[in-house]
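# Show me the folded form of this:
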Amino acid sequence: MNYKDSMAKVGRYREEIAEIRKKMRDAQSAIEPEVTKNYRLAAADGPVSLSDLFGRQDTLIVIHNMGAGCRFCTLWADGFNGVYDHLQSRAAFVVASPDAPDQQRKFAVSRGWRFPMVSYQGSSFGEDMGYRTDDGARPGVSVFKRDGDKIVRVSDTSFGPGDDFCSVWHIFDLIPEGAAGWQPKYHYDSENRGPSKHA
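Numbers count the residues shown, from 1 in each chain. The predicted model follows:
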């Protein structure tokens, strides 16, 4: 199939995906919210409650991050850092992990992350939300809303390679070979990068 016909076929698939997304949003709007405890978590400046994380917003996005030991979670968080200003203009945004606050702060500084972080060490938050089991933490996201004096969870989903929450995989999908076994690293050798801006 020639280039033009192939891209037209891909375009039709994208239209199908857009229609499925609309169905997902419709289904999402019909979900019965789940009442959630006002968990006590740990931040670099001291203890903080889940309700505190809303700030002046009525919506809170919590990223369930596995911590500094996960290269994939670091990839996702690097991406959120780039769009943090956009995210926090619509909803409060925080990254939660099982790492201690001092470890979170050190790693965040090394990555240049700007978003707030909290630790759920010593709480059942990770387990209750379904993102920590006996096998360890799992990556994903939960969205909470204020409902009077209550906090409710209105949606959540897990993260994984190829999902909707990391643009890297979708860019790689435009390469004929796709990701081709690629995995993220904390740092990359300069020899593998594209042309220098001084070239």
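# The residue nearest in space to the middle of the chain: what secondary structure?
Residue closest to the mean C-alpha point of the chain, counted by CA atoms, centre = their mean, is I63 at 4.9 Å. I63 carries the three-state label strand when classified by DSSP: H, G, I helix; E, B strand; the rest coil.
# Not counting its neighbours along the chain, what's nearest it?
With sequence-adjacent residues excluded and distances taken as CB to CB, 6 or more residues apart in numbering, I63 is closest to V95, at 4.5 Å. C-beta: built from backbone N, CA, C; applies to glycine.
# related to what we said a few turns ago, quick one: the residue nearest to the centre of the chain and S167, what's the gap?
Note on I63: its distance to S167, by CB to CB, to the nearest Å, is 15 Å.
# what does G82 give?
9 Å.
# Might you report the residue contacts of F107?
Applying CB atoms under 8 Å, 6 or more residues apart in numbering to F107 gives the contacts 68, 99.
# I'd assumed R146 was in a strand, is it?
Yes: the secondary structure assignment for R146 places it in a strand, going by three-state DSSP.
# list the contacts for it?
Applying CB under 8 Å, 6+ apart, one finds that R146 lies in contact with 51, 54, 58-59.
# who wins for most neighbours among those residues?
Compared across the contacts of R146, F54 has the highest neighbour count, 18 neighbours, by other CB atoms under 10 Å.
# now the strands: where do they sit in this protein?
34-36, 40-43, 46-49, 59-64, 92-97, 117-119, 132-133, 136-137, 140-147, 150-158 (DSSP state E).
# mind showing which ranges of this protein have poor pLDDT?
Counting by pLDDT under 70, the chain has low-confidence residues at 191-199.
# cutoff 80 now
Within the chain, the ranges that satisfy pLDDT under 80 run 190-199.
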